[in-house]
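# Make a model of this:
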Amino acid sequence: MAKKESYEEMLTKLQDILSNLETDDLNLEESMKSYEDGVKLINKIYKVLNSYEAKISIIKEENEVEFSENNEDR
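Model prediction:
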């Protein structure tokens, strides 16, 4: 089973893809494949970021509720 890539690993791969596309050493087919791989990678990165954003929102809400409950006791 394949290991799940970390956010940092995905960013590094995306940077590599962008570097390869910028060199103009690829033919059209290779460029299209790299572009497609980059778009797939960007979608994975967005999913990770959205997941973290949702977790942060939940944590933030929980802390705000705790804070307001503690202030009502005063």
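# Could you pull up phi and psi at Asp25?
With angles defined as degrees, to the nearest 10, Asp25 sits at phi -90, psi -10.
# ok, it to Ser31 distance?
Note on Asp25: its distance to Ser31, by CB to CB, to the nearest Å, is 10 Å. To be clear about C-beta, it is placed using only N, CA and C from the backbone, and glycine gets the same treatment.
# list the residues that contact both of those two?
Here Asp25 and Ser31 share no contacting residue, scored by CB atoms under 8 Å, 6 or more residues apart in numbering.
# who has more neighbours, those two?
Ser31 (14 against 9; other CB atoms under 10 Å).
# can you tell me the helix or strand for Leu26?
Remark: Leu26 resides in no helix or strand, with elements defined by DSSP states H and E.
# quick one: contacts for it?
Asn20, Ser34.
# Could you find the closest non-adjacent residue to the residue nearest the centre of the chain?
Nearest to the geometric centre of the chain sits Ile45, at 2.6 Å (CA atoms, centre = their mean). Using CB to CB, 6 or more residues apart in numbering and skipping residues adjacent in sequence, the residue nearest Ile45 is Met10, 5.3 Å away.
# and that neighbour, how many neighbours does it have?
So Met10, with other CB under 10 Å, has 16 neighbours.
# longest helix anywhere in this structure?
helix 28-72 (DSSP state H).
# That one packs against which elements?
Other helices and strands packing on helix 28-72, by 3 or more CB pairs under 8 Å, 6 or more residues apart in numbering; DSSP states H and E, are helix 7-22.
# what angle sits between the helix it packs on and helix 28-72?
150 degrees (axes from the mean of the first three to the mean of the last three CA atoms, to 10 degrees).
# ok, Leu14 - contacts?
Neighbour list for Leu14: Gly38, Leu41, Ile42, Ile45 [criterion: CB under 8 Å, 6+ apart].
# Reformat those into a markdown table and put distance to Glu62 and pLDDT next to each item.
Listed next are these as a markdown table, based on distance: CB to CB, whole Å; pLDDT from 0 to 100:
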| residue | distance to Glu62 | pLDDT |
| --- | --- | --- |
| Gly38 | 36 | 96 |
| Leu41 | 32 | 97 |
| Ile42 | 31 | 97 |
| Ile45 | 26 | 96 |
